[in-house]
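Participant: I'll drop the sequence and a predicted model, then ask my questions.
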Amino acid sequence: MTALLSVRDLHTRYAVGRQVLRAVDGVSFEIQRGETVGLVGESGCGKSTLGKTVLRLVPSAEGAIVLDGADITRLGDTALAPHRRRMQMIFQDPFGSLNPRQTIRTVLDTALKVHRLGDRPERERQMREIVARVGLPADALDRYPHEFSGGQRQRIGIARALVLRPALIVCDEPVSALDVSIQAQILNLLVELKRDLGLSYLFISHDLSVVRYFADRVLVMYLGRIVESAPHGTLFRDPRHPYTRALFAAVPSADPTHKRSAPPIKGELATTDVTASCRFYSRCPAATERCRTEEPLLRPIGEGHHAACHFA
Amino acid sequence: MSLLSVEKLTVAFPGQVAVRETSFAIAPGETLALVGESGCGKSVTAFSVMRLLPPNARVASGRILLEGTDLLALSPAGMREVRGKQISLIQQEPMTSLNPVLSIGLQIAEVLRRHEKVSRKQARARAIELLDLVSIPDAHRRIDDYPHNLSGGMRQRVMIAMAVACHPKLLIADEPTTALDVTTQAQVLDLLDDLRHRLGMAVLLITHDLGVVAQWADRISVMYAGRIVEQAGIKPFFAEPLHPYSRGLLGARVDVEADEHYSRNRLSEIPGSVGSALGEAGCSFAPRCPIAVPGCRIAPPPLVAHGERAVACPRVGA
Amino acid sequence: MTVDAELTPKVADVGSRAAPRKGRRLRAFLRNPTFIAGVAILGFFVLLALFADMLFPGDPMDMVAQPLLWPGDDAQYPLGTDSLGRDVLAQLVHGTRASLLVGFFAAAIGLAIGMAVGAAAGFFGGWTDTLLMRLVELFQTTPTFLLVIVILVIVDPSLPTIAMAIGVSSWPTVARLVRAQFRSLREADFVMAARSLGYSRLRIIVQEILPNALPPVIVAASVMIANAILTEAGLSFLNMRDPNVLSWGGMIGDGRDQLRNAWFLTALPGAAIAMAVLSLNLVGDGLNEILNPRSDQS
């Protein structure tokens, strides 16, 4: 059986003034049916752009996006429409991702109408079902987004993503804007939905602890490239790329007796100095001369485990 | 004697009380973490101490004593002497906290010249020292940079340099690393901790992240719906949180060290949202509390001391 | 979490306790004194225009009394008569119609063109944007009043052509405003969501973006009506007017010969114009406060 989503050598470029920003710079990965792939990295590493490129919300410069065996990379709006149903997105900001002037009914009904899914009573039935499924009260349909709390709005965003019954959902930092107590509610909901509806997720987050809990397989992204990928157990037990290790070391543990072992890496994500060297060269505690002159490629280093480091 | 002591502070906004009869104290040189979710009143508390509340807010009652002086009774001019000199503030957003049209050196020098009689030249020299102190490389060159030349982490370091320029006794850090990446967060918090020891200042750390608290604070005060519900030292707190809300918070958190996975464990939730407490006569956590009894809904429980720690729940404690 | 977010009491977090949007909006309108004052004056003028024939039946252009009666000279003509012996009050009341009509229609034409151009430029960007914005600049570099005069030299001035001329020359401001709104809103997450749901461009423009782009446009519209009324007055003063229609500007034009001996003939319609323009500006200010998302606690 083929993968649900297969991304091959994808590039996304932005023009920033006269410069070209390579936000996604040659990324390949697959998502199997029913799998959750975590995509982790710091802000500006290109993870959000990658998610939007896969959904064809941002144009790609090179590469291929294959959904369910169909290459959707260059499809026009009309040809793309049926594929849009198969993949949806959940956004970070529960306030900005809902149109403030539409009731929840308008939001959901428009999607069903555009895709001609059922007559009026059938659509009504589907909307009621989905609203109940994401844990909103039954009277939510006729209310406006501002009448809900942040956590509830995120449920509305999930309902909108689910209403077309997609196979793949790109979750772009779905819990980062929420309070801890609400985060757990939303994560549990996403787990239930995956189990009940057989969904696959591309789960984008900067929060390693959430990715550790939520992903089956994890991709670590740095400056537009995947630097390490592995099943979640392997990655968290045995991180091999120095950047992955540094990320782990930097996450504060809620155990005060467990002081952090490694000192944090120096500097911050630099978006400009992409040269022939390893992208992590300037911040890497273990960099050598070879790292400066030769860029390491993503290579297999174990069972399903890949890393882009000469010394992994 | 404590450095700062907040006594029964109540702050009201039109139609809503943000902070209710909140009391806490900070000893010289210690880091107290004020923890809670959005809207719990932790930032309002911090801004009350700085007396920088928005115009529609009103301190309804209470005292804020800095080494015995009630800050709430000071004249506006007197308060300006305190700000920056004895208490300073760093905020979450390093992008907007700095003036974009002035060089960072000038902005640091301005703080120095406001509170100390120094010449332009001396102020500049001190500014370079301060940039050195907050580990900004090539301080003598960076001093003429503008905020947009700097990364988020560097800007937050500049904010810290400005905050500690006049050796304040208390530094209030309001979500200082929330806008930063995790690797930068560790750098900035390590720097703050280092400066605290070197300059002998106390830190009031406002955060929602219990991991940050565990790693960088000495004591914790947990706030919920405008009240402090639990106060404790870091080690006893994380070993055994007492208040049901504290327990819920820790339980709902996914820890990077914990080997939990969705395929095996379900995260424990706190049901409902903070809004559930509206119009509640008793404990504001009661509608979400797993151990609430009808008695919890009569009157808000007071914060009761149990040895070194205190908790506002009659259903738990020693 | 930002400081602002915490310091501002949030209705949103109260969930089910929040009042329905419409009710709250209405109360916001009623609580705004600027808006109420503006609406009251404007409403008064609209009523005058609607009931002019009942209040002053007959043709206001008829000569009814001896010329140049001063206000108060004759109780039957409380505001006096002009050099041809026509009732000034009757003319003022009937003139309201032309002034308001020109104002409303000119603004409507300007809004229609401006919104279409602005929406297209802002939404599509790229060369569409460049092209349309050059066109906007072309119009904006020409003084509005001059442009109106040029148009009215080509076509004969009548009420519809005057409204059209003013509308055609006033759209660039709206276009810029709408373009700016569209540019920021097209990047909004909810527009991304609409695109990912496979909505057509037209639907995204009309249903998702436009309703959110409207508040500043509504505010601008009230000022546009005021400007159109002023422009119409200026044109009438220069004798570029519909000779069969009575308007405030025309009254000023007629009265200017008597400026030294009967100044009330220019002052009274002048005051009417000032009041109408003031009321529209008050409405605009009020709307700005009410529709401003920062004052809206939702």
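Facilitator: Sure, I can see it.
Participant: ok, longest helix in chain C?
Facilitator: helix C:88-124 (DSSP state H).
Participant: in contact with residue B:101, which residues are there?
Facilitator: Neighbouring residues of residue B:101 by Cβ atoms under 8 Å, 6 or more residues apart in numbering or on different chains: residue B:146. In short, each C-beta sits where N, CA and C put it, glycine included.
Participant: residue closest to the middle of the chain?
Facilitator: Just going to use chain A. By Cα atoms, centre = their mean, chain A has its centre lying nearest to residue A:204, at 2.7 Å.
Participant: actually chain B
Facilitator: In chain B, the centroid-proximal residue (Cα atoms, centre = their mean) is residue B:206; its distance is 2.2 Å.
Participant: pretty sure the residue nearest to the centre of chain A is in a strand, no?
Facilitator: Yes: assessed with DSSP: H, G, I helix; E, B strand; the rest coil, residue A:204 lies in a strand.
Participant: and it, how close does it get to residue A:144?
Facilitator: Residue A:204 sits 28 Å away from residue A:144, going by Cβ to Cβ, to the nearest Å.
Participant: distance of residue C:185 from residue A:115?
Facilitator: Residue C:185 sits 24 Å away from residue A:115, going by Cβ to Cβ.
Participant: neighbour count for those two, which is higher?
Facilitator: More crowded of residue C:185 and residue A:115, by other Cβ atoms under 10 Å in any protein chain shown: residue C:185, with 21 against 18.
Participant: check contacts around the more buried one.
Facilitator: By Cβ under 8 Å, 6+ apart, the contact set of residue C:185 is C:191, C:209, C:212, C:213.
Participant: and these near chain A, which?
Facilitator: Near chain A, judged by Cβ under 8 Å from any Cβ of the partner chain, the entries from the contacts of residue C:185 are residue C:212.
Participant: direction included, what does the helix or strand hosting the residue nearest to the centre of chain B pair up with?
Facilitator: Per DSSP states H and E: residue B:206 is located in strand B:202-207. Applying DSSP bridges, strand B:202-207 is found paired with strand B:31-35 (parallel), strand B:170-174 (parallel).
Participant: ok, then the element right after that strand?
Facilitator: Counting by DSSP H and E, what follows strand B:202-207 is helix B:210-216.
Participant: that next one near chain A anywhere?
Facilitator: Yes: using Cβ under 8 Å from any Cβ, we find that helix B:210-216 touches chain A at B:210, B:211, B:212, B:213, B:214, B:215, B:216.
Participant: quick one: that helix near chain C?
Facilitator: No: legend: contact between helix B:210-216 and chain C by Cβ under 8 Å from any Cβ is lacking; minimum distance shown is 13.6 Å.
Participant: what sits against the residue nearest to the centre of chain B?
Facilitator: B:33, B:34, B:42, B:43, B:46, B:172, B:173, B:174, B:175.
Participant: could you pull out the helices for the chain?
Facilitator: I'll assume chain A. Per DSSP H, chain A carries helices over the ranges A:47-54, A:77-84, A:104-114, A:120-133, A:150-162, A:180-197, A:208-214, A:232-237, A:242-250, A:289-293.
Participant: wait, chain C
Facilitator: Using DSSP H, the helices of chain C run over residues C:3-7, C:21-30, C:33-50, C:52-55, C:88-124, C:126-141, C:144-154, C:159-185, C:189-196, C:201-203, C:210-237, C:248-255, C:264-291.
Participant: pick the most deeply packed of those helices.
Facilitator: Mean neighbour count (mean count of other Cβ atoms under 10 Å in any protein chain shown) peaks for helix C:248-255 among the helices of chain C, with a mean of 24.
Participant: returning to what we had before: export the helices of chain A to CSV and append columns for distance to chain B, mean pLDDT and mean neighbour count.
Facilitator: Below are the helices of chain A laid out as CSV (distance: least, Cβ to the nearest Cβ, whole Å; pLDDT from 0 to 100; neighbours: other Cβ atoms under 10 Å in any protein chain shown):
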stretch, distance to chain B, mean pLDDT, mean neighbour count
helix A:47-54, 12, 95, 24
helix A:77-84, 27, 91, 14
helix A:104-114, 17, 94, 20
helix A:120-133, 17, 94, 15
helix A:150-162, 6, 94, 25
helix A:180-197, 4, 93, 20
helix A:208-214, 4, 92, 24
helix A:232-237, 7, 90, 18
helix A:242-250, 4, 89, 22
helix A:289-293, 19, 86, 13
